[in-house]
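# Requesting a structural model of the entry that follows:
(one chain, ligands or ions: 2)
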Amino acid sequence: MRNILLLGGTTEASALARLLAARGIPAVLSYAGRTRSPLDQPVPVRIGGFGGVAGLAAYLREQRVTHLVDATHPFAATMSANAVEAARLAGIPLIALTRPAWVADTGDTWRHVDSIAAAVAALAGSPRRIMLALGRMHAEEFAAQPQHHYLLRFVDEPAERPPLPDHSLVVDRGPFTVEGDMRLLQDHAVDLVVSKNSGGTGAEAKLIAARNLCLPVLMIDRPAVPGRAQAYLPEEVLAWVDHAGTSTTERGV
Ligand code: 3Y8
Ligand code: NAP
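Ligands and ions are numbered 1, 2, ... in the order given. This is a model prediction of the structure:
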């Protein structure tokens, strides 16, 4: 009897949840609880951390999970590392459902940095008007460069405003549109976009908007994650679920 734990929080995770529900495969989608009202899902949802590797391994055993799918965001590096270790401890198969990194196209002006801290350092210099499209969790790190006007976009209204002396805040959840992001960049006279290399379609609009408006992008490359089986399409994960855990090696016979 298959019983999937799907670590979610991405467009791809929601697409896979719809496929699993349509096939009647028992699955639970897990959120960290970062946002006030996560999207409804067609499968049961659990919200909150597991309590590190040990907590997740215990959950996998206690809930008799047969397959672990890590469909978290490429920047959720701690969750992904924990998933690899917990699946090993619990002796169940794991696959990551992720998306390829974005690659600059003709007409793009990208500068790559390897971390959020490097992005902060790269903003030293005279005042600019910067769209900081990184969400809420890292906004305060940019207080080290207070000379800029920042356009922020959060999923939820924050309990308190971030410590950035000169900022505008937009509260909106993706997926976003090119037209909407072009209008946003023009309305705020943005001259630089800072982005994580998240990949996928849900956050891509701002990059296409920047290209159309000939704006430069400071692109933060994604953190390293441990080696693991990976898929880019929800349908590939369905095929994996049908076969993983049945081979002699995984069945241990
Ligand atoms: C809680 C679940 C779906 C998933 C939708 C995707 C697309 C829209 C684009 C910009 C970039 C950003 C941010 C972003 C996008 C999708 C996807 C994606 C980027 C929700 C969601 C959760 C989160 C957490 C949230 C972070 C924040 C990051 C905003 C739901 C809506 C910037 C990442 O306030 C906070 O604490 C927000 C935290 C982690 C990064 C940050 O540092 O602030 N995502 N986003 C998940 C959980 O609790 O487990 O509320 O429904 C999911 C989505 N956000 O099912 O359709 O697939 O990536 N999310 C980035 O890519 O840079 C916005 O503004 O252009
Ligand atoms: P993270 O830094 O890698 O994880 C920190 C801790 O949060 C984990 O150790 C775990 O707590 C808990 N956690 C993370 N994802 C979880 C999930 N799906 N279910 C249950 N617990 C989870 O993660 P993050 O970057 O904060 O991302 C949190 C969530 O937002 C993820 O679902 C991710 O897919 C989504 N998201 C993140 C981004 C981003 O830019 N980081 C963008 C879009 C969506 P315990 O150790 O207690 O288990």
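# contact partners of stretch 16-35?
Stretch 16-35 has contacts (Cβ atoms under 8 Å, 6 or more residues apart in numbering) with 1-9, 13, 38, 41-49, 63, 69, 71, 76, 79, 97, 137, 155-156, 173, 234-235, 237-238, 241. C-beta coordinates here come from the backbone N, C-alpha and C atoms, glycine included.
# Which of those fall in helices?
Using DSSP state H, the subset of the contacts of stretch 16-35 located in helices is Ala13, Met79, Pro234, Glu235, Val237, Leu238, Val241.
# Looking at those, which is nearest ligand 1?
Of all the ones in helices among the contacts of stretch 16-35, ligand 1 sits closest to Ala13, with 6.1 Å by Cβ to the nearest ligand atom.
# Give me the PyMOL select line for the contacts of stretch 16-35, limited to the buried ones.
With 16 or more other Cβ atoms under 10 Å as the criterion, this PyMOL line picks the buried residues out of the contacts of stretch 16-35:
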select buried, resi 4+5+6+7+8+9+13+38+41+43+45+69+71+76+79+97+155+234+237+238+241
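# Keep only those of the contacts of stretch 16-35 that are in strands.
Among the contacts of stretch 16-35, the members found in strands (DSSP state E) are Ile4, Leu5, Leu6, Leu7, Val45, Arg46, Ile47, Val69, Leu97.
# And for the residue of the stretch 1-150 of the chain found nearest ligand 1, the neighbour number?
Closest residue of the stretch 1-150 of the chain to ligand 1, Cβ to the nearest ligand atom: Gly135 (2.2 Å). Counted with other Cβ atoms under 10 Å, residues neighbouring Gly135 total 17.
# who does the nearest residue to it once chain neighbours are set aside bridge with?
In space, and not counting its chain neighbours, Gly135 is closest to Phe154: 6.3 Å by Cβ to Cβ, 6 or more residues apart in numbering. Phe154 forms beta bridges with Val171, as assigned by DSSP bridges.
# for Phe154, what are its contacts?
Counted by Cβ under 8 Å, 6+ apart, Phe154 has contacts Gly135, Arg136, Ala139, Leu169, Val170, Val171.
# Make a ChimeraX selection of the buried ones in those.
Applying 16+ other Cβ under 10 Å to the contacts of Phe154, the buried members can be selected in ChimeraX as follows:
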select :135,136,139,169
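# Just give me the closest of the contacts of Phe154 to Arg222.
Taking Cβ to Cβ as the measure, Arg222 lies nearest Gly135 of the contacts of Phe154, at 14.5 Å.
# Residue numbers of the stretch 151-253 of the chain in contact with ligand 1?
153-156, 173-176, 196, 198, 200, 202-203, 206 (Cβ under 6 Å from any ligand atom).
# what about Val53, neighbour count?
Val53: 17 surrounding residues under other Cβ under 10 Å.
# sec struct for it, please.
Using DSSP: H, G, I helix; E, B strand; the rest coil, the three-state assignment for Val53 comes out as helix.
# which residues does it contact?
Counting by Cβ under 8 Å, 6+ apart, the residues that Val53 touches are Asn82, Glu85, Ala86, Leu89.
# Leu184 and Ala133 touch, don't they?
No - contact criterion Cβ atoms under 8 Å: Leu184 and Ala133 do not qualify, at 9.7 Å.
# what about these two, which has more around it?
Ala133 (25 against 21).
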